[in-house]
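Engineer: The amino acid sequence is not available; the structure is as follows:
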C-alpha cells in the first residue's frame, strides 16, 4: 500500500503517518519531488489523506489527482479526510475527480482534528485536553480501518445519499469562495520579510522581492503561512490578526 497526503499545518500528515505505520505502507507528501506516476502504478492499494475545505477537496490535491488520473485507474482506494466539525461527504467527493468506476473505494473515513483556522471569529484554539481526546479517537478509527482492510471488510463513511446532500449544501458556494480567497491575501506592516512563508507555501504563491512579500493569486487556502508567520503578519480571506497559531501536533500530543 502507498499513502499520499496533503497537509496544511500537520493534522493530515499525522493521520497519514499513523495509518501508514499501522499497515506498513510507504507514506509521501504530494509536495515531494518524486515520480508519483511510477509510485502509484507500482501499488495495488492507494490511501489518500487531505483536509476538507468547505466539504471539498483542496485545490492542490484536486490538481494532483487529475494530473495522475491514469495511474489511479483500477486502484483500490482508501480515503482519509480530516475535518474540523463536519464535512458531509468530504471523503466521497475525491472520487468525483475521476470517471465513474475509475477507482474502487475500499475504505473512507472522516477524522476530527484540531482547529487551525486561527483568526475567524467563533472558532477557538483547540485545548490540549480536547486535542488528546481527538487523537485517541482518531487512532481508534485508524486501527479499525486497518483491521477492516486486512480482513477485506469495506468500511465507508460519508458516502450515503444524505451525506452527499449535506455536502452539496456546504460545498455549493465553495468554488466562488475559493476564487475570492486566492486574491484576498493581506500582509501587514509588521512583516519583517523573513521569507518563512515563501519557503513554506505549497503552491509557490508567495514571493520575496525588494524586502516585500507579494502573492500571485495562487493560494490553496492551507493557512500554513497564517499559522507559521512569527509576526502574525499574513492573513488569508479573514484579516483579523491571529491571537494564536496552530503549529501542528507536539510530540507529547502524538504520544498520548
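Structural biologist: Here it is on my side, so go on. Quantities reported herein were computed from a predicted structural model and do not represent experimental measurements. Residues are numbered from 1 along each chain as shown.

Engineer: Can you show me the helices along the protein?
Structural biologist: 11-23, 36-41, 59-67, 69-72, 128-150, 161-171, 174-183, 196-200, 224-228, 251-255 (DSSP state H).

Engineer: Including mean neighbour count and mean pLDDT, could those helices go into TSV?
Structural biologist: In this view, the C-beta of every residue, glycine as well, is placed from N, C-alpha and C. Putting those into TSV (neighbours: other CB atoms under 10 Å; pLDDT from 0 to 100) gives the following:
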stretch	mean neighbour count	mean pLDDT
helix 11-23	22	96
helix 36-41	15	97
helix 59-67	18	97
helix 69-72	16	98
helix 128-150	16	95
helix 161-171	15	81
helix 174-183	14	84
helix 196-200	18	96
helix 224-228	23	95
helix 251-255	11	40
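
Engineer: Quick check: which of the ones you listed is nearest to residue 244?
Structural biologist: Minimum separation from residue 244 across the helices of the chain (CB to CB) falls at helix 224-228, 9.1 Å.

Engineer: helices or strands up against the closest one?
Structural biologist: Counting contacts by 3 or more CB pairs under 8 Å, 6 or more residues apart in numbering; DSSP states H and E, helix 224-228 is packed against helix 196-200, strand 234-236.

Engineer: just checking, what packs against the longest one?
Structural biologist: Secondary structure elements in contact with helix 196-200, counted by 3+ CB pairs under 8 Å, 6+ apart, are strand 206-209, helix 224-228.

Engineer: Any idea how many residues pack against residue 118?
Structural biologist: 22 (other CB atoms under 10 Å).

Engineer: residues in contact with it?
Structural biologist: 125, 223, 226-227, 242-246 (CB atoms under 8 Å, 6 or more residues apart in numbering).

Engineer: Would you mind checking these for buried ones?
Structural biologist: With neighbours counted using 16 or more other CB atoms under 10 Å, the contacts of residue 118 contain these buried positions: 125, 223, 226-227, 242, 245-246.

Engineer: Find the nearest non-adjacent residue to residue 206, please.
Structural biologist: Once flanking residues are discounted, residue 206 sits nearest to residue 198: 4.6 Å by CB to CB, 6 or more residues apart in numbering.

Engineer: swap that for residue 157, please
Structural biologist: residue 109 (4.9 Å).

Engineer: Do you know the pLDDT at the one you found?
Structural biologist: For residue 109, the model assigns a pLDDT of 94.

Engineer: What of residue 91?
Structural biologist: Reported pLDDT for residue 91: 91.

Engineer: Surely it touches residue 155?
Structural biologist: No. With contact defined as CB atoms under 8 Å, residue 91 does not count as touching residue 155 (11.0 Å).

Engineer: Now do the shared contacts for those two.
Structural biologist: Common neighbours of residue 91 and residue 155 (CB under 8 Å, 6+ apart) are 108-109.

Engineer: Contact partners for residue 7?
Structural biologist: Listed by CB under 8 Å, 6+ apart, the contact partners of residue 7 are 13-14, 16, 29, 49-51.

Engineer: Repeat the analysis, applying 7 Å as the threshold.
Structural biologist: Shown in contact with residue 7 (CB atoms under 7 Å, 6 or more residues apart in numbering): 13, 29.

Engineer: go on, residue 149?
Structural biologist: Neighbours of residue 149 in contact, by CB under 7 Å, 6+ apart: 23, 78, 106-107.

Engineer: do residue 137 as well
Structural biologist: With CB under 7 Å, 6+ apart, residue 137 has these contacts: residue 112.

Engineer: What of residue 164?
Structural biologist: 89, 92.

Engineer: what about the residue nearest to residue 157, distance to residue 140?
Structural biologist: 11 Å (CB to CB, to the nearest Å).

Engineer: And for residue 58?
Structural biologist: For residue 58, the distance to residue 140 - CB to CB - is 26 Å.

Engineer: For burial, what's the neighbour tally of residue 86?
Structural biologist: 15.

Engineer: Need phi/psi at the closest residue to residue 60 other than its chain neighbours.
Structural biologist: Once flanking residues are discounted, residue 60 sits nearest to residue 220: 4.3 Å by CB to CB, 6+ apart. Per-residue torsions, residue 220: phi -100, psi 10 (degrees, to the nearest 10).
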